[in-house]
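**Student:** build the 3D model from these lines:
(2 chains)
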Amino acid sequence: ILNVEQSPQSLHVQEGDSTNFTCSFPSSNFYALHWYRWETAKSPEALFVMTLNGDEKKKGRISATLNTKEGYSYLYIKGSQPEDSATYLCAFNSNYQLIWGAGTKLIIKP
Amino acid sequence: EPEVTQTPSHQVTQMGQEVILRCVPISNHLYFYWYRQILGQKVEFLVSFYNNEISEKSEIFDDQFSVERPDGSNFTLKIRSTKLEDSAMYFCASSEGGGHRNEQFFGPGTRLTVL
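**Tutor:** Just a heads-up that it's a prediction; the model follows:
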């Protein structure tokens, strides 16, 4: 059974601080790793799709790295702002389907 | 900006009733998906659909479930005889391509409550 784990489950961060969290996934039969940002009552929003070992992607203050050999990805947020408060989900691409982690709920304290 | 839409936003039904959840994917997208999230649990894949056929389905997607693209714009999920455990948020998604590099764009979900 393919399993995707995310840690921590939730995180409180002071506004202005930087933070990061982890997604662990199976290292065999890797196709792609997706990161999504999900605000309450909204649609999950794609942040990154990562496919190559050593990939590093950046969108504004958010960046992600990928290690397919050991099966983990880190998501970094630099200088957290209140609007960064959301649940961050990673999903492992197995053929056509996405297998999801449980998410890291990020709360930014003003 | 184009987006995936879903109706209704909340559906309440009695156990044993049939429900149809509707989705309008982004117009130039060719691949369509249904996912669900039972309260407090992970998002789970149900089915993917391309060229009027199911391309992949999970163990959850049993004979009670079916999908259809009845016209050029809608993509529906039907649950024939709902059970209490079908209560969940159901998300539709679409993507331009079916490869692993393709982003899937999600709708806002339909909350299904089975009483």
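**Student:** and A:Tyr36, what are its bridge partners?
**Tutor:** A:Ala46, A:Leu89 (DSSP bridges).
**Student:** how many neighbours does it have?
**Tutor:** 24 (other Cβ atoms under 10 Å in any protein chain shown). In short, each C-beta sits where N, CA and C put it, glycine included.
**Student:** so what's it up against?
**Tutor:** A:44-47, A:88-91, B:106 (Cβ atoms under 8 Å, 6 or more residues apart in numbering or on different chains).
**Student:** you'd agree A:Val49 is up against B:Asn102?
**Tutor:** Yes. Shown here, A:Val49 and B:Asn102 form a contact pair, counting by Cβ atoms under 8 Å, at 7.3 Å.
**Student:** before we move on, back to that, who wins for neighbours among the contacts of A:Tyr36?
**Tutor:** That'd be A:Cys90 among these, by other Cβ under 10 Å, with 30 neighbours.
**Student:** what parts of chain B come near chain A?
**Tutor:** Residues of chain B lying close to chain A by Cβ under 8 Å from any Cβ of the partner chain are B:3-4, B:31, B:33, B:35, B:41-45, B:48, B:55-56, B:58, B:91, B:98, B:100-109.
**Student:** quick one: end-to-end distance for stretch A:15-24.
**Tutor:** 26 Å (Cα to Cα, to the nearest Å).
**Student:** hey, C-alpha coordinates of the lowest-mean-pLDDT helix or strand in chain A in CSV?
**Tutor:** Ranked by mean pLDDT, DSSP states H and E, the weakest helix or strand in chain A is strand A:97-100, scoring a mean of 86. Output of strand A:97-100 as CSV, limited to C-alpha atoms (Å, rounded to 0.1, in the frame of the first residue of the first chain):
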residue,chain,number,x,y,z
GLN,A,97,-4.0,9.0,-9.4
LEU,A,98,-2.7,11.2,-6.7
ILE,A,99,-2.1,9.6,-3.3
TRP,A,100,-2.3,12.3,-0.6
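**Student:** I'd like the next helix or strand past it.
**Tutor:** For strand A:97-100, the following helix or strand on the C-terminal side (DSSP states H and E) is strand A:104-109.
**Student:** can you list the strands that that next one pairs with?
**Tutor:** On the basis of DSSP bridges, the sheet neighbours of strand A:104-109 come out as strand A:10-14 (parallel), strand A:86-94 (antiparallel).
**Student:** now do it: everything it contacts.
**Tutor:** Contact partners of strand A:104-109, identified using Cβ under 8 Å, 6+ apart, comprise A:6-15, A:19, A:21, A:75, A:77, A:80-88.
**Student:** which parts of that strand are buried?
**Tutor:** For strand A:104-109, the buried set under the neighbour-count rule, 16 or more other Cβ atoms under 10 Å in any protein chain shown, comprises A:104-106, A:108.
**Student:** for the residues you listed, give me JSON lines that also has distance to A:Phe25.
**Tutor:** Listed next are the buried residues of strand A:104-109 as JSON lines, based on distance: Cβ to Cβ, whole Å:
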{"residue": "A:Thr104", "distance to A:Phe25": "14"}
{"residue": "A:Lys105", "distance to A:Phe25": "19"}
{"residue": "A:Leu106", "distance to A:Phe25": "20"}
{"residue": "A:Ile108", "distance to A:Phe25": "26"}
